[in-house]
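Asks: requesting a structural model of the entry that follows:
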Amino acid sequence: MAAQRKPNLVLFLPDQQRADTIACYGGAKVHAPNLNKLASESVVFERAYVTHPVCTPSRSSLMTGMWPHINGCTRNSVPLDRRFRVFPELMEDRDYRAAYIGKWHLGEEGPTGRGFDEWVSTDDHGDYTNFLISQSITPDKQNGRFSELAISNLPIELSRPKFLEQHACEFIEKHQRDPFILVVGFVEPHSPYNGPLNDEHPLDQIGLDATATRPESEDIPLRYRLMREWQQAEAVLDRERLPTQLFFGVTPEEYRSIKQRYLGLVTLVDQSIGAVLACLERFGLTENTIVVHTSDHGDSLGAHHLFGKETMFEEATCVPLLVRLPGQRASKTVPHPVSHIDFVPTLLDLLGQPNHLQCAGKSLLPLITEEASERENVFLEWAPNRTKVKKGTKLARRRLVKRALEESTRTIVTPNGWKLCLRDKDLNELYNQKDDPLEMRNLYADRQYASVISHLADEIHRWQESANDKLKV
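Replies: The predicted structure is shown next:
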């Protein structure tokens, strides 16, 4: 009887989770037993790339199957236009109950009425705020809301992951007999790098990225160097204001402390993921539920002496992507690059639904089922997004600083290991990821690679034409 039921879908979507926080991606020392077990039973996409390495644009692709330059969500906090349908609205099958629990970040109206029947909000004026007030927690902001720092100092039982876990399990119990779609959008492990499990990982076992302990490269875009300078200046100020809760670092010791607390947040999310998966098991739904895990972007965590996202480096653009099919017991890996532009078509295909004309990509299901082994180029984009600059910076003249802050990027990642970043207003980059996986040697100015650059640039321009992208790079 169970085999005749339509499959459920549970999507875990943490914010800012790097790929190497799961053992199968090299994060063997990270305490994430539930994600590690999920990965051991999933198709693991070893090189999954976001469409645009910042929250709102990336999420717009994850929900619509569209490029940010088409749906208009090219920077943070831009509401997704109602003309564009989100994933459950693209389904022909209307039997599914759909809930979005957690961070939306595509407009204050939220996902309700856009294919989702329910939304439990973690926005600073939503359900989670009301929950904390009901627990006699006093808002620390004058407008009656809670700062991120205040939330990060709460005990586990009042944390956001625990709150989302409880609502997710309530939804599963309520709709255990219906086909359902459940998105659990965690805010963590996004900064501030602080939470109830700060000391979960021994400090002496925290490994830093190799580029975090090597001299700072100057052969990178000016915008990246401006980001780095601003973050380092902020780190000095934070050291005086918040010595135990740094957002950025300067020294390897600070990098290690920040990463320790970031990994504690990964563990916090992992515990709640484990609770939701246990809930599926409790109601006998494991064998009938597709489970997907990914993130909207990564976090540099000191790599290249940077923090956060907003760059085309691997640490910011490469994310976990796990897909567990009903009844799956063993892991399979897809080693070549794939794109989040194919995320919605894949979800539709997994649920037996046809792809929608709105979607720019195509289903990855043939790779999952090994019916195809096509290795295709992956493309990423960047649009200006309010980069902060140190007051009185001496890195460049004001005109060049302003120009760099307004840069747009188009990037290609190839299956054979090349990455080319073309910009309209800043330095271009070329990396050979096979010889230089840490992306430490920008080969763009090396004449011996002129033919490689020409070929890859042609590929970018062909993609732009097919994607109706008017940017001149």
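
Asks: and the residue nearest to Pro7 when sequence neighbours are not counted, which of the three is it?
Replies: Of all residues not flanking Pro7 in the chain, Ile290 sits nearest, at 5.4 Å (CB to CB, 6 or more residues apart in numbering). Where you see a C-beta, it was placed from the backbone N, CA and C, and this is true even at glycine. Under the three-state scheme (DSSP: H, G, I helix; E, B strand; the rest coil), Ile290 adopts strand.

Asks: what's the neighbour count on Ile290?
Replies: Neighbour count of Ile290, defined by other CB atoms under 10 Å: 18.

Asks: for it, report the pLDDT, please.
Replies: On pLDDT, Ile290 comes in at 98.

Asks: I'd say it and Gln328 touch.
Replies: No: the pair Ile290 and Gln328 does not pass the contact test of CB atoms under 8 Å, sitting 9.4 Å apart.

Asks: count of residues packed around Asn143?
Replies: When neighbours are counted by other CB under 10 Å, Asn143 registers 7.

Asks: so what would you say the end-to-end distance of stretch 112-120 is?
Replies: Distance across stretch 112-120, first residue to last, is 10 Å (CA to CA, to the nearest Å).

Asks: residues making contact with the helix or strand bottoming out on mean pLDDT in the chain?
Replies: The helix or strand of the chain with the poorest confidence is helix 222-241; it has a mean of 90 (mean pLDDT, DSSP states H and E). Outside helix 222-241, the residues that touch it by CB atoms under 8 Å, 6 or more residues apart in numbering are 216, 218, 245-250, 254, 304-308, 310-311, 387-390, 393, 395-396, 400-401, 404-405, 407, 426-427.

Asks: what packs against the following helix or strand past that helix?
Replies: For helix 222-241, the following helix or strand on the C-terminal side (DSSP states H and E) is helix 252-282. Judged by 3 or more CB pairs under 8 Å, 6 or more residues apart in numbering; DSSP states H and E, helix 252-282 is in contact with strand 8-12, helix 33-40, helix 160-174, strand 180-185, strand 289-294.

Asks: now helix 252-282: buried residues?
Replies: 254-277, 279-280 (16 or more other CB atoms under 10 Å).

Asks: from the chain's centre, how far out does that helix sit?
Replies: 15 Å (CA atoms, centre = their mean, to the nearest Å).

Asks: hang on, the earlier thing: which residues does the residue nearest to Pro7 bridge with?
Replies: On the basis of DSSP bridges, Ile290 is bridged to Leu9.

Asks: pretty sure Ile460 is touching Thr409, no?
Replies: No: with contact defined as CB under 8 Å, Ile460 does not count as touching Thr409 (10.2 Å).

Asks: looking at the two, which one has more neighbours?
Replies: More crowded of Ile460 and Thr409, by other CB under 10 Å: Thr409, with 24 against 20.

Asks: model confidence score at the more buried one, please.
Replies: pLDDT recorded at Thr409 is 98.

Asks: again with Pro215
Replies: 93.

Asks: so how far is Ala404 from it?
Replies: 22 Å (CB to CB, to the nearest Å).

Asks: extract the residue ranges of the protein that are flagged as low pLDDT.
Replies: For the chain, the stretches with pLDDT under 70 are 1-3, 242-245.

Asks: can you give me the strands in it?
Replies: In the chain, the strands defined using DSSP state E lie at 8-12, 43-49, 97-102, 118-120, 180-185, 289-294, 318-319, 321-324, 332-339, 378-382, 409-413, 418-423, 429-432.

Asks: for Ser58, which of the ones you listed is the nearest?
Replies: strand 318-319 (8.8 Å; CB to CB).

Asks: list the contacts of Ser373.
Replies: Leu367.
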